[in-house]
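[1] model this:
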Amino acid sequence: MGGAGRLAALPCGKVSKWIVLALWIVAIAASFAPAGKLTGAQENDAVSWLPGKAESTEVLKASEQFSSPDEIPAVLVYERSSGITPADQQAVQSHIAQYGELQDVDRDVVGPIPAQDHKALQVLVPINAGSGGWETIGARADDIRRIAGDRPDGLSFHVTGPGGFAADSQEAFAGIDGKLLYSAGAVVIIILLLTYRSPVLWLLPLISAGVALFSAQAVVYVLATQANLTVNAQSAGILTVLVFGAGTDYALLLVARYREELRRHQDRHEAMAFALHRSGPAIVASGSTVVAGMLCLLFASMNSTRGLGPVAAVGIVIALLAMLTLLPALLVICGRWVFWPLRPTYGSDDHTETSVWGRIGRRIAVRPRLTWITTSILLGIASLGILTLNAGGLSNEDSFIGTPDSVVGEKVVAAHFPAGAGNPLVVISRADKAADVRTAMSSTQGIAEVGEPRVASGLAYLEGTMTDAADSQAAKETVDRVRAAVHAVPDADALAGGGAAILLDTQRASDHDNKIIIPVVLAVVLAILALLLRALVAPVLLVATVVLSFGAALGISSLVFKALGFEGADTSLPLFVFVFLVALGIDYNIFLMTRVHEESKVHGTRRGALIGVAATGGVITSAGLVLAGTFAVLATLPVVAFAEIGIAVALGVLLDTIVVRSVLVTALNLDVGRHLWWPSALARQRDPEAPESLPEPEPTLTNT
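    Take a look at the predicted model:
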């Protein structure tokens, strides 16, 4: 067993396996408390999601001179279609007095503001979210609804505006960690049961994935509280599905190779050492590629996107550690019986040759060029669906699955007041230029009125009510016009922000991030593949297949979104789907191509390609099902952006594992042959005459 290397022997030694298990027990005990606090460490305020250097972000920071940066106004709207009555007025006045006494309402409540048609009243309640964030907003919204419940019959009431949407978002994300954990766990259990057909074996990868998740959450919590790492509901939710999905993928590859080695070695400890030696480099390379891809998100200008990179990278690193140490230790501790009823006994037959993917490989080998050309054309046609994808951002109405109260209230406000009421455009300028800035702002198309400036610390704060809803394209165009107008005021140093400006800056930052990060990810992945395979041709072809797979996945997803009634897509969707599909799709490339590379040294590239797809096709398909299933869990959340990420990544992973990796790449391997490995020496090694059947790999270690 010494030839397998000390690292491979560590988690599967007769004594060291118990040491590894003990160390992980200590780790999970230490992780339990901080992991449970991760939700409380999340930053779901506006700045944590916004582009760090955007004008709207600067306005938010400058606004701290005039009100707390944690203050979020809730817009309350009362409506009576036949007209507001004196009794309605009296009831609303009573409510306003009670709103002002609520906890976290630090400034005066504004209102009631009557509509010109006298059919609605509007009230603005400034809620200071403090460190509680969404939790505080949700609690105060409940208090407001309780107070407003005592009102005359026929007088409708809604909570909308920034506070209303924050409260509905909090409700949508309530219990997200638990929902995703249990849902992802259920998906993994079902697929592992179908894959292993064992009532026991599935437990070990699941336990290892669970330990990895809790450990990752603990590390992320420490980084969030001690190293200022930004964590929000988005990154915390993706961490759960990523650790479960990717971790189980690594487990499937290791267990598949361990099963092979158990047929060649009597001692299960030796079998695991050989399995780790052979599959370990592929697993480490796969995980490293995902980590590198996620860390490329650090180049993003969006704070939420940039924060996701380190969070996801931490999750993958710990998942790797768990699957290469804890899982092997558990497997050798349990012994062969854990595979019951399909125990791999020493000397038993390996049915790789007669497997489904073995037969598919032989069919592809008949006409490999026709296969890859046809497959590429079909994927290219599927990619055309991208032309119908509207990734310009989601309006408030389109952000939720269903119709929460804030969406209903927004429609009521738009029917009776200027559509931008309650979500103003904010301008900060030098105090001595406030009058000029107000004039420039007031005369801009799309602005209904501008309030009196508030002055503090040499700065002036102005709010302008827009004629269009803050989440509309017309409002974004108004922002550009206002910025041009106020920037032109000499020496005013004016900046324009507010809700519409935030949406506009987010859209532009996402476009910028796409142009920067996508090429960086491709370059990083190409470099890793070139180092791993010691070649240039194969990495270029593999990256090309991944890009084609991404295009097809996004194109098909666009059609699915329309079928589900989604009106658009979040601006970050293309980037997130690209990073996940490229980084995780390369995983399957690495699983397949490292095996092909290994077998090509002995049998030549053509036979190596057939052995590679026969040996890894099943495990790659199972891994793809696990990863697709865990990401699909995101679609269970009542938030369109999450549902779209889940659907697109799940479709992309299935397409990647079933079509691209096992059919397209195998056909390319067979057609290009030994030239795949150029400029390495393997490219000059001609294939021997191929036998009719797939040869069994040699039961000895090969130096890779």
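[2] If you count neighbours, what's buried in stretch 149-168?
    151, 155, 157-168 (16 or more other CB atoms under 10 Å). Yep, even glycine has a C-beta here, placed from its N, CA and C like the rest.
[3] Out of those, name the ones that lie in strands.
    157-160 (DSSP state E).
[4] what's near enough to touch the residue positioned nearest the centre of the chain?
    Nearest to the mean C-alpha position of the chain, by CA atoms, centre = their mean, lies Ile238 at 4.6 Å. When contacts are counted by CB atoms under 8 Å, 6 or more residues apart in numbering, Ile238 touches 308, 311-312, 634, 645.
[5] So it versus Ala87, what's the distance?
    50 Å (CB to CB, to the nearest Å).
[6] likewise Val450?
    Counting by CB to CB - Val450 and Ala87 are separated by 34 Å.
[7] out of these two, which sits in the busier spot?
    Val450 (22 against 12; other CB atoms under 10 Å).
[8] for that one, phi and psi?
    Main-chain dihedrals, Val450, degrees, to the nearest 10: phi -130, psi 130.
[9] go on, the one 5 residues further on?
    As for Val455, its main-chain torsions (degrees, to the nearest 10) stand at phi -120, psi 140.
[10] show me where the stretch 151-300 of the chain has helices.
    Along the stretch 151-300 of the chain, counting by DSSP state H, counting those that start in this stretch, helices occupy 161-173, 176-196, 203-226, 233-262, 268-295.
[11] Flag whichever of those helices has the least confidence on average.
    Across the helices of the stretch 151-300 of the chain, helix 176-196 has the smallest mean pLDDT, namely a mean of 73.
[12] Also compute the angle for that helix relative to helix 161-173, please.
    Put simply, helix 176-196 runs at 30 degrees to helix 161-173, going by axes from the mean of the first three to the mean of the last three CA atoms, to 10 degrees.
[13] ok now helix 176-196, how far from the chain's centre?
    Distance of helix 176-196 from its chain centroid, counting by CA atoms, centre = their mean, to the nearest Å, is 18 Å.
[14] which strands and helices sit next to that helix?
    helix 203-226, helix 233-262, helix 605-632 (3 or more CB pairs under 8 Å, 6 or more residues apart in numbering; DSSP states H and E).
[15] right, so of those, which gets closest to Ala641?
    When these are compared by CB to CB, helix 233-262 sits nearest Ala641, at 8.0 Å.
[16] So what angle separates the directions of that closest one and helix 176-196?
    Going by the same axes, to 10 degrees, helix 233-262 makes 20 degrees with helix 176-196.
[17] Could you give me the buried positions within helix 233-262?
    In helix 233-262, residues buried by neighbour count (16+ other CB under 10 Å) are 233-262.
[18] again with stretch 633-646
    633-635, 637-646.
[19] Hmm, Met593 is touching Val537, no?
    No: with contacts counted by CB atoms under 8 Å, Met593 stays clear of Val537, the gap being 11.7 Å.
[20] Looking at those two, which is more packed in?
    Using other CB under 10 Å, the more surrounded residue of Met593 and Val537 is Met593, with 30 against 19.
[21] Just the element for the more buried one, please.
    helix 573-603 (DSSP states H and E).
[22] Output the contacting helices and strands for that helix.
    helix 233-262, helix 268-295, helix 499-533, helix 537-564, helix 605-632, helix 640-655, helix 665-672.
[23] quick one, which of those is nearest to Ser67?
    Among the helices and strands packed on helix 573-603, helix 499-533 comes nearest to Ser67, with 15.0 Å by CB to CB.
[24] Quick one: the helices in the stretch 1-150 of the chain, in order.
    6-9, 16-36, 38-41, 46-49, 55-62, 86-100, 134-148.
[25] Let me have those helices in JSON lines, extended by distance to Lys515.
    Output for the helices of the stretch 1-150 of the chain, formatted as JSON lines (distance: least, CB to CB, whole Å):
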{"stretch": "helix 6-9", "distance to Lys515": "40"}
{"stretch": "helix 16-36", "distance to Lys515": "36"}
{"stretch": "helix 38-41", "distance to Lys515": "32"}
{"stretch": "helix 46-49", "distance to Lys515": "20"}
{"stretch": "helix 55-62", "distance to Lys515": "20"}
{"stretch": "helix 86-100", "distance to Lys515": "46"}
{"stretch": "helix 134-148", "distance to Lys515": "32"}
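[26] Out of those, the one nearest Leu542 is which?
    Of these, the one closest to Leu542 (CB to CB) turns out to be helix 6-9, at 26.4 Å.
[27] quick one on the thing from earlier: please produce CSV containing the helices of the stretch 1-150 of the chain, extended by distance to Val412 and mean pLDDT.
    Converted to CSV, those look like this (distance: least, CB to CB, whole Å; pLDDT from 0 to 100):
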stretch, distance to Val412, mean pLDDT
helix 6-9, 65, 57
helix 16-36, 40, 85
helix 38-41, 33, 66
helix 46-49, 24, 59
helix 55-62, 26, 83
helix 86-100, 14, 88
helix 134-148, 14, 83
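[28] mind checking which of these is nearest Gln685?
    Gln685 lies closest to helix 6-9 among the helices of the stretch 1-150 of the chain, at 27.4 Å (CB to CB).
[29] How about Arg278, nearest residue that isn't a chain neighbour?
    Spatially, and ignoring its direct neighbours in sequence, Arg278 is nearest to Arg257 (5.8 Å; CB to CB, 6 or more residues apart in numbering).
[30] who touches the one you found in this structure?
    Listed by CB under 8 Å, 6+ apart, the contact partners of Arg257 are 275, 278-279.
[31] what's the answer for Phe591, then?
    253, 282, 286, 616, 619-620, 623.
[32] Dump those residues to a markdown table, plus distance to Leu655.
    Output for these, formatted as a markdown table (distance: CB to CB, whole Å):
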| residue | distance to Leu655 |
| --- | --- |
| Leu253 | 20 |
| Ala282 | 22 |
| Ser286 | 18 |
| Thr616 | 17 |
| Val619 | 18 |
| Ile620 | 13 |
| Ala623 | 14 |
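[33] Give me the buried subset of these.
    Counted by 16+ other CB under 10 Å, the contacts of Phe591 give 253, 282, 286, 616, 619-620, 623 as buried.
[34] and Val426, which of the three is it?
    Three-state call for Val426 (DSSP: H, G, I helix; E, B strand; the rest coil): strand.
[35] Kindly state the pLDDT recorded for the nearest residue to it once chain neighbours are set aside?
    Spatial nearest neighbour of Val426, excluding adjacent residues (CB to CB, 6+ apart): Gly498 at 4.1 Å. Per-residue confidence (pLDDT) for Gly498: 83.
[36] Gly498 - how many residues pack around it?
    Gly498 has 26 neighbours, counted by other CB under 10 Å.
[37] give me every residue that touches it.
    56, 59, 423-426, 463, 470, 479.
[38] same thing with Asp436?
    With CB under 8 Å, 6+ apart, Asp436 has these contacts: 489, 492.
[39] re earlier: wait, which of the contacts of Phe591 is closest to Thr375?
    Checking these one by one against Thr375 (CB to CB), the nearest turns out to be Ile620, at 16.2 Å.
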